[in-house]
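Chemist: here are the coordinates; sequence isn't available:
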């Protein structure tokens, strides 16, 4: 079992969700986050006050899948979230030790 | 503005005095005492409520949107509380200090003869700017009350996000008592058109024997006015009394209190420019009550003030928008509405004096100059006037007050300087002289800057000694909403 965490541009969320649904992923956790990477922030001006805003709004999605799906998930997210501009985001994959479905008590692969 | 209130008995007495002066003339029948016109009364009641709309919710939302979300409620509370407290002070003694004869101090401030509204009832009337036209004194009191309420509320923008609430309330009570009520008296207290007209008529009718007495009577009527009024300073709706007065008090306040923690380093972006636009729009709507209502009666001059309040505002908003676009690269909504407010401020003293074309020029100048002040001069000087009370209200007020001395000229489409004594019983335009008119405005501006600037500095120091002006650093970081009021504006 792996958890795939991706930071994407907010307006790409629907496309990513559709792509994941198409390959059989039926669960997704979404968080609104802020951060920065190579994409620098922007300047905001309020009357005389100029602010360099370095933290940009992004969407973090987390999807837990069985090992055999990981490659397809990465491929789907990459294809759906890419614009070719800096700031498209990143994907991180890590291992999960255990998973439990709270309602039934099913574990690991059955719980995903 | 007008002010001296007359009850009917007083008017009759004045008529008798005029007759006594005209000893040799045949005895004229005493003119019937004027009674309020229902249209004027309804207009002034509506105007009064519009000015309240400017303050709550207009000014409160305009300012509230500009602070960080952790300080939203503190701004709303400050503005609303000021309106409530100053309303009570106005009825108890403020109206009397502003609009009665102050005896030996009459140049500067009124007296206590109408404290607790003594002697005022539903039949009392107040003079307007036309001979023989009056409005109920209660309406006049309420209209002027809304001015007394909004002026101190303007100041809170200068030291927003760091002033202690108790200090603010104490300061405002002192400030309206020692600065605002005297300023209103000095600029707006005079005898009214009928007093001047009747005395001038008595002089014209007087035979050689009565000339000296009648002249003395006219001089006495003319002398019974505030100092700036006697200088000939024109202030239709409050350029000096309201905007320069509040603007300089704000500047002094933000300098004495000091910058916000993190000023210039941390993000202090407005938390809701949507609210700011709602507030600015309500200010514009309400300002028609402020400017047109300052004519005190529904006639052509009120209509002139209405047109001017439209076009000067639009011109200033356009000016700020395009200048900012050219200089900073983007036309901002905040810039546009800031320009609109600057235009409203600038046209305030000129509203019933300038012509519509003059008001457009005035608006364009005010929008551009206030933009430079708020974006360049302020940064160069480094003071933290949180919401630009000085850069918009004081600078815009100065531009408007000085321009009034130019734009009142009939040759420039203005209404002319009012004269009630050359043709007694009617309002005519006095001969315009640029030097005289402009110098009167300049003197009034400089006097207001010094009087309010120095006076406010003293009052801030007194408050600082008694309760301390500023919240503790931890409270400031946490936000005044939680620290001072125990509540949050938003729950997310």
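Modeler: Cool, the structure landed. Worth saying up front: this structure is predicted, and the values here are computed from it rather than measured.

Chemist: so residue B:467 sits right up against residue B:166, yeah?
Modeler: Yes: in this structure, residue B:467 sits in contact with residue B:166. The criterion is Cβ atoms under 8 Å, and the distance is 5.1 Å. For the C-beta atoms, the positions are set from N, CA and C on the backbone; glycine is no exception.

Chemist: any common contacting residues for those two?
Modeler: Taking Cβ atoms under 8 Å, 6 or more residues apart in numbering or on different chains as the contact criterion, residue B:467 and residue B:166 have no common neighbours.

Chemist: How much space separates the residue in the stretch 151-300 of chain B that chain A sits nearest to from residue A:41?
Modeler: Among the residues of the stretch 151-300 of chain B, residue B:267 lies nearest to chain A; the distance is 5.1 Å by Cβ to the nearest Cβ. In this structure, residue B:267 and residue A:41 are 11 Å apart, going by Cβ to Cβ, to the nearest Å.

Chemist: Between the two, which contacts overlap?
Modeler: Residues touching both residue B:267 and residue A:41 comprise residue A:53, with contact defined as Cβ under 8 Å, 6+ apart.

Chemist: Spatially nearest residue to whichever residue of the stretch 251-400 of chain B sits closest to chain A (excluding sequence neighbours)?
Modeler: With Cβ to the nearest Cβ as the measure, the residue in the stretch 251-400 of chain B that lies nearest chain A is residue B:375; the distance is 4.1 Å. Of all residues beyond its chain neighbours, the one nearest residue B:375 is residue A:48 (4.1 Å), with distances taken as Cβ to Cβ, 6 or more residues apart in numbering or on different chains.

Chemist: so who does the one you found touch?
Modeler: For residue A:48, the contacting residues are B:374-376, B:378-379, B:388, B:391, by Cβ under 8 Å, 6+ apart.

Chemist: Tabulate those in a markdown table, adding columns for secondary structure and neighbour count.
Modeler: Output for those, formatted as a markdown table (DSSP: H, G, I helix; E, B strand; the rest coil; neighbours: other Cβ atoms under 10 Å in any protein chain shown):
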| residue | secondary structure | neighbour count |
| --- | --- | --- |
| B:374 | helix | 26 |
| B:375 | helix | 24 |
| B:376 | helix | 12 |
| B:378 | helix | 19 |
| B:379 | helix | 14 |
| B:388 | coil | 26 |
| B:391 | helix | 28 |
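
Chemist: Identify the farthest-apart pair in those residues.
Modeler: Spatial extent of these (Cβ to Cβ) is set by the pair B:376 and B:388 at 12.4 Å.

Chemist: Quickly find the element holding residue A:58.
Modeler: Using DSSP states H and E, residue A:58 sits in strand A:56-65.

Chemist: Same check on residue B:195?
Modeler: Once you assign secondary structure using DSSP H and E, residue B:195 falls within helix B:193-205.

Chemist: any idea how far the residue in chain A positioned nearest to chain B lies from residue B:162?
Modeler: In chain A, the residue found nearest to chain B is residue A:48; the distance is 4.1 Å by Cβ to the nearest Cβ. In this structure, residue A:48 and residue B:162 are 18 Å apart, going by Cβ to Cβ.

Chemist: swap in residue B:361?
Modeler: According to Cβ to Cβ, residue B:361 stands 38 Å off from residue B:162.

Chemist: Can you name the residues that contact the closest residue to chain A within the stretch 51-200 of chain B?
Modeler: When distances are taken as Cβ to the nearest Cβ, the stretch 51-200 of chain B approaches chain A most closely through residue B:66, which lies 8.0 Å from it. Contacts here follow Cβ under 8 Å, 6+ apart; on that basis residue B:66 touches A:46, B:157, B:160, B:270, B:273, B:276, B:386-387.

Chemist: can you redo the residues you listed as CSV with neighbour count, secondary structure and pLDDT?
Modeler: Conversion of the contacts of residue B:66 to CSV gives the following (neighbours: other Cβ atoms under 10 Å in any protein chain shown; DSSP: H, G, I helix; E, B strand; the rest coil; pLDDT from 0 to 100):
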residue, neighbour count, secondary structure, pLDDT
A:46, 19, strand, 93
B:157, 29, coil, 97
B:160, 26, coil, 97
B:270, 21, coil, 97
B:273, 17, helix, 98
B:276, 24, helix, 98
B:386, 25, coil, 95
B:387, 28, coil, 96
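
Chemist: Give me the distance between residue B:79 and residue B:57.
Modeler: As defined by Cβ to Cβ, residue B:79 lies at a distance of 9 Å from residue B:57.

Chemist: same deal with residue B:342?
Modeler: For residue B:342, the distance to residue B:57 - Cβ to Cβ - is 21 Å.

Chemist: One more: residue B:120?
Modeler: Between residue B:120 and residue B:57 the computed distance is 30 Å (Cβ to Cβ).

Chemist: same deal with residue B:459?
Modeler: Between residue B:459 and residue B:57 the distance, using Cβ to Cβ, works out to 28 Å.

Chemist: now the residue lying farthest from the centre of chain A: how far from residue B:373?
Modeler: Centroid-distance maximum for chain A: residue A:48 at 36.9 Å, with Cα atoms, centre = their mean. Between residue A:48 and residue B:373 the distance, using Cβ to Cβ, works out to 9 Å.

Chemist: Pull up the overlap in contacts between the two.
Modeler: Contacts common to residue A:48 and residue B:373, judged by Cβ under 8 Å, 6+ apart, are residue B:391.

Chemist: who's in contact with residue B:171?
Modeler: B:253, B:459-460, B:463, B:469.

Chemist: Next SSE downstream of whichever helix or strand it is part of?
Modeler: Secondary-structure assignment from DSSP H and E places residue B:171 in helix B:165-175. Proceeding C-terminally, helix B:165-175 gives way to helix B:181-188 as the next helix or strand, assigned by DSSP H and E.

Chemist: Between helix B:165-175 and that following helix, find me the angle.
Modeler: With axes from the mean of the first three to the mean of the last three Cα atoms, to 10 degrees as the criterion, the two stretches helix B:181-188 and helix B:165-175 enclose an angle of 40 degrees.

Chemist: Show me what helix B:181-188 is packed up against.
Modeler: helix B:95-99, helix B:137-155, helix B:227-231, helix B:434-466 (3 or more Cβ pairs under 8 Å, 6 or more residues apart in numbering or on different chains; DSSP states H and E).

Chemist: Which among the ones you listed is found nearest to residue B:242?
Modeler: From the helices and strands packed on helix B:181-188, taking Cβ to Cβ, the stretch that ends up closest is helix B:137-155, at 4.8 Å.

Chemist: Specify the angle between that closest one and helix B:165-175 in degrees.
Modeler: Here helix B:137-155 runs at 130 degrees with respect to helix B:165-175, directions being taken by the same axes, to 10 degrees.

Chemist: so residue B:436 touches residue B:232, yeah?
Modeler: Yes: Residue B:436 sits in contact with residue B:232 when judged by Cβ under 8 Å, with a separation of 6.9 Å.

Chemist: ok, the two, which is more surrounded?
Modeler: Remark: of residue B:436 and residue B:232, residue B:232 carries more neighbours, 16 against 13, as counted by other Cβ atoms under 10 Å in any protein chain shown.

Chemist: Confirm that residue A:32 lies within a strand, as I assumed.
Modeler: Yes: with DSSP: H, G, I helix; E, B strand; the rest coil as the criterion, residue A:32 is assigned to a strand.

Chemist: Just give the nearest non-adjacent residue to it, would you?
Modeler: Distances taken as Cβ to Cβ, 6+ apart put residue A:59 closest to residue A:32, at 6.3 Å, once the chain neighbours are dropped.
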